[in-house]
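> curious how this folds, go ahead:
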Amino acid sequence: MATLKLEIVTAESPVYSGEVDIVIAPGVMGQFTILPHHAAFMTMLEPGELCVRQSGEEMFIAISGGFLEVLDNKVVVLADSAERADDIDAARAQAAKQRAEEQLKHPGVGADLASAEAALRRSLARLKVAEKRRRKERRPS
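The predicted structure follows:
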């Protein structure tokens with residue numbers, strides 16, 4: 001089966017590099033799938049869940065936006081931030097979600113609603129990815 005090269009990097013460090021079968025990403029126009037030999041393109045990413053399938057196994061990564069480029073059977077994700085499911089602290093993500101929701105419900109003087117909305121989207125993406133990890137751990141082998 002044909003594969004494609006995937007690299008996920010943030011300003012801090014590389015997050016993932018390897019051969020994969022499928023990449024499913026949250027684009028600004030909606031979720032999209034990249035298969036081997038996909039046409040070249042570049043797009044912005046929304047905060048959300050990046051799903052990578054390799055040999056029947058799925059890996060989930062929460063990203064907070066960035067860019068994705070497909071060129072010559074290689075996908076490069078330049079993410080603002082990216083966390084693998086195993087690295088997400090669900091309690092911290094839940095607390096961030098609650099803080100963002102409070103800011104949106106009760107904006108104070110000089111409140112930055114756009115920042116609160118972005119924080120809410122990021123925390124929801126992290127919680128969604130963390131929940132998939134928990135479901136996977138509960139499945140019988």
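> other SSEs contacting the longest helix seen in the chain?
Using DSSP state H to define each element, the chain has its longest helix at helix 113-138. On a contact count with 3 or more C-beta pairs under 8 Å, 6 or more residues apart in numbering; DSSP states H and E, helix 113-138 meets strand 41-54, strand 57-71, helix 90-105. In this view, the C-beta of every residue, glycine as well, is placed from N, C-alpha and C.
> okay, and for this structure, where does confidence drop off?
Scanning the chain for pLDDT under 70 picks out 108-111, 133-141.
> break it down into its domains, please.
4-84, 89-138 (automatic domain parsing).
> re earlier: reformat the helices and strands packed on helix 113-138 as CSV; add mean neighbour count and distance to A118.
Below are the helices and strands packed on helix 113-138 laid out as CSV (neighbours: other C-beta atoms under 10 Å; distance: least, C-beta to C-beta, whole Å):
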stretch, mean neighbour count, distance to A118
strand 41-54, 17, 7
strand 57-71, 19, 8
helix 90-105, 14, 8
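> tell me what the closest residue in space to Q54 that isn't next to it in sequence is bridged to.
With sequence-adjacent residues excluded and distances taken as C-beta to C-beta, 6 or more residues apart in numbering, Q54 is closest to V20, at 4.7 Å. For V20, the beta-bridge partners are L4 (DSSP bridges).
> state the distance from M42 to R99.
Applying C-beta to C-beta, to the nearest Å, the value for M42 to R99 is 33 Å.
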